[in-house]
Every structure is written in C-alpha cells, then in structure tokens.
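[1] quick one: sequence and predicted model below, then my questions.
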Amino acid sequence: MTLFSLFLYLLLSRTSSCREIQEVDRSSHPVLRLPLYHVGGGSHSLQALDSSPSPSPSFLESLALDEERVKFLNSRLDGNNATTKIHHVTTSISKGSESWIDEKSVNVPLNPGIPIGISNFYTKIGLGTPPTYHNVIMDTGSSFSWIQCEPCLVYCHPQAGARFDPSTSKTYQKLPCGTSQCSSLKVATLNSPMCTTSNTCIYSATYGDQSFSIGYLSKDSLTFGSESLPGFVFGCGQDNNGLFGKSAGLIGLGKDSLSMLSQLSTKYGRVFSYCLPTSTFLGRTGSGGFLSIGTVSNSAYKFTPMLAEYRDSTLYFVKLSAIYLSGKPLAVGSSGYSSPTVIDSGTTISRLSAPVYSALKQGFVDIVSSKFKIAPSFSILDACFYATFDEISTAIPSVELIFQGGADLRLAPHNIVLEVEKGTSCLAFASSSSMVIIGNTQQQTFDITYDVESSKIGFAAGGCR
C-alpha cells in the first residue's frame with residue numbers, strides 16, 4: 001500500500017466557513033459533559049467494543065510508543081518538522097465517478113509517530129444529519145480533529161464500530177482551498193494543505209512514517225447527546241494508518257483556531273476540563289472519567305498560570321516550581337526547573353529534567369528499597385521493585401508536584417507507581433534532556449481545568465476514580 005496518496009478529483013461542495021471565535025459573557029455559557037474512558041482496559045475499552053478484536057499492545061510496547069510521543073512533542077520546539085524525505089507516489093484508485101490519483105513527487109514532513117494505543121482516553125461524538133456516533137481519542141497535544149470516512153479510497157485502520165459515511169448526512173460539505181480553514185492547516189497539522197484539481201482542500205496530518213491521516217477538509221454537524229452544533233470543521237480521512245488503536249479518529253483540544261475547543265468557543269467559551277479515570281495494565285481500570293466543555297464552578301481548584309511558548313503556541317505550558325518527596329523539597333537548584341513544561345493527555349509517563357529526576361529517583365529508591373528488592377529496569381522505567389502494586393503501595397512515599405502560583409498535584413500511589421508486569425512495579429517517571437511533560441499517569445483522578453480565556457490551568461483532587 002502506498003503511504004501518501006493525494007489529489008482526489010471530485011466536484012466541489014459549496015463554500016462556507018466555520019463560526020468565528022467570539023468573546024461573549026462567560027456566565028451565559030452552558031456546560032457540555034461527556035463520559036471519558038481509557039482505551040485499553042475494562043468493559044469500556046475499545047477492544048471490548050470491537051466485534052473482531054485483535055491483541056492489544058503490551059505495556060512494554062506502549063512505553064516504546066510513549067517515547068515516540070515525547071520525541072514528537074520535542075520536535076515541535078526544536079523546529080525539526082522540516083521535510084526530510086521525498087515520497088514518489090504513483091497510485092490510481094477509482095470508485096464509480098470518484099478517483100484518487102497522484103503521479104507526482106510529494107514532499108512530506110516525517111515526524112515521530114503519535115502513539116494512539118492503550119495509553120490514551122476516548123469519548124464518543126456524533127457527526128452528520130442524522131448523526132452517527134464514533135469513538136475518538138481526546139488529545140490536548142493536537143489541534144486538528146479527524147475521523148475515518150467512507151468510501152475510504154486508500155486505506156483505513158481497523159476500528160471499533162462503523163466508519164463515518166458522509167453520503168448519509170444531509171449537512172456534510174467539503175471545503176475549498178480558498179477558505180481560511182484550509183489556510184490554517186499549516187499551524188494545526190504542521191503540514192501545508194494541498195488541493196485537488198477541482199480545488200478541494202486536502203489535509204495531511206502526519207505523525208511519522210507509520211502514523212498519518214490524509215483526506216478532505218470538511219464540515220458537518222457535531223452532536224453530543226441531544227446537542228447539535230452546525231459547521232464543525234474536521235478531516236474526513238481517506239488514507240489513515242499507524243498507531244491509532246481501534247479508535248475512529250481524534251479530537252484535538254489544543255489552542256489553535258481549528259481545534260474543537262476553539263470551534264465550540266462561541267457557545268461554550270474557551271474552557272474545558274477533564275478527569276482521566278485510573279488505568280493500569282494488569283486488570284485495574286477505573287471508571288467515571290469525563291470531559292467537560294465550558295466553565296465549571298469548583299472552589300477546590302488551585303490555579304497556575306498558562307504560559308506562552310513562542311515555538312509552539314498550541315500546546316499547554318506551565319511552570320513546575322518544585323517537587324516534594326516525603327514532605328521535603330528535592331535538593332535541586334532552580335535551574336533544574338527551567339525547562340519548558342507541558343501538560344499532555346497523550347503522554348503516559350511524566351518526563352522530568354535530568355537533575356530533578358535523578359534526585360526523585362534516588363530518594364524514592366532509598367525509601368522503598370528498605371522493604372522491597374530492587375528489580376531490573378523496565379524499558380524507560382529504571383526505578384523498579386519486585387512487588388505487586390498492592391504490596392508496594394503501602395511503602396510509597398508521598399510525592400507532590402508544585403506549580404507556579406501554589407497549585408499542586410498531591411499524587412496518590414496509582415499516580416506514582418505502575419505494576420508493569422505481574423509482581424514488578426516501577427516509579428512512573430522518566431528523565432528528559434529537554435522538555436518536561438506532565439503525563440496522564442500523574443493526571444489520573446484529578447479534575448483538571450484549562451481556562452484558555454483567562455490563561456490558567458487548575459487542579460482539584462478527587463474528580464473521578
């Protein structure tokens with residue numbers, strides 16, 4: 001199968017544009033609340049929902065994918081999204097009056113793959129009129145939403161449930177190349193848009209040589225429960241392959257104008273919150289997670305400023321000020337906390353600067369090794385012990401992440417340690433040579449709100465389980 005197949009010769013749909021972001025009275029905004037589930041475990045997993053399930057990646061494999069995710073995020077700050085290879089595409093696929101043809105050389109950025117497998121969280125959205133419902137990954141590290149679409153002229157990865165069929169929707173439209181949304185694709189996807197000879201805008205969301213989605217830039221009604229919102233701009237994928245698990249696609253909650261958050265801001269404001277349910281890889285999976293769009297009143301929130309980063313304005317940056325172990329700050333100078341810090345729902349294991357991680361690891365090992373025997377490293381995790389999670393949880397010292405302004409995450413045992421295989425548990429942090437990332441293991445069960453309008457992020461304990 002050819003990886004990148006472009007240029008689809010079809011008649012254009014009429015031009016239209018999505019709603020512009022407007023500043024309105026936040027008190028008038030309703031709140032939209034959706035259930036949120038972990039992809040890989042329990043009765044709500046995408047594997048359980050799939051009528052023809054295939055084996056899930058092992059936790060060892062998921063950690064390798066997590067490293068690719070971190071490389072991808074770092075590349076966005078390092079400016080390494082330049083084209084590095086030319087793909088020669090000579091593909092012609094026809095279906096009725098439609099044909100997807102390209103006989104030209106195409107320059108495509110090759111970025112490390114985003115792992116959309118067992119380490120992420122999904123919800124359900126409706127598309128079209130009448131709506132059909134699809135399971136999609138939630139990602140705060142992306143600003144573009146896409147879904148696998150019929151007729152899937154090139155390739156679609158296996159998914160739980162049916163693909164979206166635009167021909168059954170009365171409100172589906174493709175967007176021409178001259179629209180502002182087409183021009184915005186460069187920032188939202190890191191790739192420049194392309195056009196068919198009939199002027200239909202083609203998006204290319206590439207995450208590496210194994211993970212990508214290519215198709216029509218489109219718009220249609222977006223439905224949550226009984227709420228239907230017209231004119232949602234998304235990618236209707238005709239060529240999708242890579243590390244997407246059994247999901248139907250992805251919803252981007254980054255800060256770019258094409259993200260789902262920005263498109264819903266007229267009605268709900270530029271505020272969202274979520275609680276990631278607990279998840280482990282040996283049968284312990286929580287429930288009750290949620291994704292809320294709109295302002296939620298919670299007096300328990302402790303806020304930290306949302307920082308600007310000129311190298312990537314779409315990610316969510318904060319300032320990590322200190323880490324406390326057993327109630328005492330790590331003996332690390334301020335330079336140890338100077339690296340850019342991003343909060344990301346798609347990264348599993350938090351990455352800390354080398355001096356901070358070294359201090360945390362050494363202090364943690366000194367305490368836990370008095371009760372449990374040290375085990376060999378497990379992939380990127382190098383503070384491991386021969387103990388089940390239930391056994392080691394009674395010996396885990398307290399860990400607190402302190403952010404600028406006094407906001408903190410007082411981590412529970414399930415935020416600190418993962419049982420990576422039966423009888424072996426490891427500290428769920430790793431070292432980073434560049435960007436610091438607060439991953440989803442440390443976020444689980446906290447109610448986290450992203451108030452983009454006020455440029456702050458809040459944390460509250462006990463949001464879900």
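    That came in fine, so what should we check first? Numbers count the residues shown, from 1 in each chain.
[2] the longest helix seen in the chain: which residues count as buried?
    As assigned by DSSP state H, the longest helix anywhere in the chain is helix 59-78. Within helix 59-78, the residues that count as buried by 16 or more other C-beta atoms under 10 Å are 59, 62-63, 65-77. C-beta here means a position set from N, CA and C on the backbone, and glycine is covered the same way.
[3] strands of the stretch 201-350 of the chain, residue ranges please.
    201-206, 212-224, 227-241, 249-252, 271-275, 289-293, 302-305, 317-318, 320-325, 328-329, 341-343, 350-353 (DSSP state E, counting those that start in this stretch).
[4] could I have the CA atoms of the fourth one written out in PDB?
    To tie it back to what came earlier, the one meant is strand 249-252. The C-alpha coordinates for strand 249-252 follow below in PDB (Å, rounded to 0.1, in the frame of the first residue of the first chain):
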ATOM      1  CA  GLY A 249     -10.100   9.200  14.900                       C
ATOM      2  CA  LEU A 250      -9.000  12.000  17.100                       C
ATOM      3  CA  ILE A 251     -10.400  15.200  18.600                       C
ATOM      4  CA  GLY A 252      -7.800  18.000  19.100                       C
END
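[5] show me what that strand is packed against.
    On a contact count with 3 or more C-beta pairs under 8 Å, 6 or more residues apart in numbering; DSSP states H and E, strand 249-252 meets strand 132-139, strand 146-148, strand 227-241.
[6] for residue 451, list each beta-bridge partner.
    Beta-bridge pairing for residue 451 (DSSP bridges): residue 271, residue 456.
[7] burial count for residue 188?
    25 (other C-beta atoms under 10 Å).
[8] for it, what are phi and psi?
    Dihedral pair for residue 188: phi -70, psi -40, per degrees, to the nearest 10.
[9] what about the closest residue to residue 279 other than its chain neighbours, how many residues close to it?
    With C-beta to C-beta, 6 or more residues apart in numbering as the criterion, residue 279 has its nearest non-adjacent residue at 4.0 Å, and that residue is residue 38. Residues lying near residue 38 (other C-beta under 10 Å) number 25.
[10] just send the strands of the stretch 201-350 of the chain back as a markdown table, with distance to residue 158 and mean pLDDT too.
    Formatted as a markdown table, the strands of the stretch 201-350 of the chain follow (distance: least, C-beta to C-beta, whole Å; pLDDT from 0 to 100):
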| stretch | distance to residue 158 | mean pLDDT |
| --- | --- | --- |
| strand 201-206 | 19 | 90 |
| strand 212-224 | 15 | 94 |
| strand 227-241 | 11 | 93 |
| strand 249-252 | 13 | 91 |
| strand 271-275 | 27 | 94 |
| strand 289-293 | 24 | 91 |
| strand 302-305 | 40 | 97 |
| strand 317-318 | 35 | 97 |
| strand 320-325 | 39 | 98 |
| strand 328-329 | 48 | 97 |
| strand 341-343 | 31 | 96 |
| strand 350-353 | 31 | 97 |
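[11] columns mean neighbour count and distance to residue 377 on top of these, output as a markdown table?
    Shown next, in a markdown table, are these (neighbours: other C-beta atoms under 10 Å; distance: least, C-beta to C-beta, whole Å):
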| stretch | mean neighbour count | distance to residue 377 |
| --- | --- | --- |
| strand 201-206 | 24 | 32 |
| strand 212-224 | 24 | 32 |
| strand 227-241 | 22 | 32 |
| strand 249-252 | 27 | 32 |
| strand 271-275 | 24 | 31 |
| strand 289-293 | 22 | 30 |
| strand 302-305 | 18 | 32 |
| strand 317-318 | 20 | 29 |
| strand 320-325 | 20 | 20 |
| strand 328-329 | 12 | 26 |
| strand 341-343 | 26 | 25 |
| strand 350-353 | 26 | 16 |
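[12] what's the closest of the ones you listed to residue 143?
    Closest approach to residue 143 among those is made by strand 249-252 (4.6 Å; C-beta to C-beta).
[13] what strands line up against that closest one, and which way round?
    The partner list of strand 249-252 in its sheet, established with DSSP bridges, is strand 132-139 (parallel), strand 146-148 (antiparallel).
[14] and the helix or strand following the shortest one, what other elements does it pack with?
    Think strand 146-148. Where DSSP states H and E defines the elements, the next helix or strand beyond strand 146-148 is strand 173-174. Judged by 3+ C-beta pairs under 8 Å, 6+ apart, strand 173-174 is in contact with strand 212-224.
[15] now the strand it packs on, how far from the centre of its chain.
    Remark: strand 212-224 is offset 17 Å from the chain centroid, using C-alpha atoms, centre = their mean, to the nearest Å.
[16] CA atoms only for it, dumped as PDB, please.
    Written as PDB, here are the backbone C-alpha positions of strand 212-224 (Å, rounded to 0.1, in the frame of the first residue of the first chain):
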ATOM      1  CA  PHE A 212      -0.900   9.600   9.400                       C
ATOM      2  CA  SER A 213      -4.300  10.700   8.200                       C
ATOM      3  CA  ILE A 214      -4.900  12.300   4.800                       C
ATOM      4  CA  GLY A 215      -8.200  13.300   3.300                       C
ATOM      5  CA  TYR A 216     -10.800  16.100   2.700                       C
ATOM      6  CA  LEU A 217     -11.000  19.100   4.900                       C
ATOM      7  CA  SER A 218     -14.800  19.000   5.700                       C
ATOM      8  CA  LYS A 219     -17.500  20.400   7.800                       C
ATOM      9  CA  ASP A 220     -20.700  18.900   9.300                       C
ATOM     10  CA  SER A 221     -22.900  19.000  12.300                       C
ATOM     11  CA  LEU A 222     -21.300  17.800  15.600                       C
ATOM     12  CA  THR A 223     -23.600  16.100  18.100                       C
ATOM     13  CA  PHE A 224     -23.100  15.500  21.800                       C
END
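[17] and that strand, what does it pack onto?
    Under the contact criterion of 3+ C-beta pairs under 8 Å, 6+ apart, strand 212-224 touches strand 121-127, strand 146-148, strand 173-174, helix 180-183, strand 201-206, strand 227-241.
[18] mind doing that once more with 6 Å?
    Counting by 3 or more C-beta pairs under 6 Å, 6 or more residues apart in numbering; DSSP states H and E, the packing neighbours recorded for strand 212-224 are strand 173-174, strand 201-206, strand 227-241.
[19] partner strands of it, with direction?
    Strand pairing for strand 212-224, using DSSP bridges, gives strand 121-127 (antiparallel), strand 173-174 (antiparallel), strand 201-206 (antiparallel), strand 227-241 (antiparallel).
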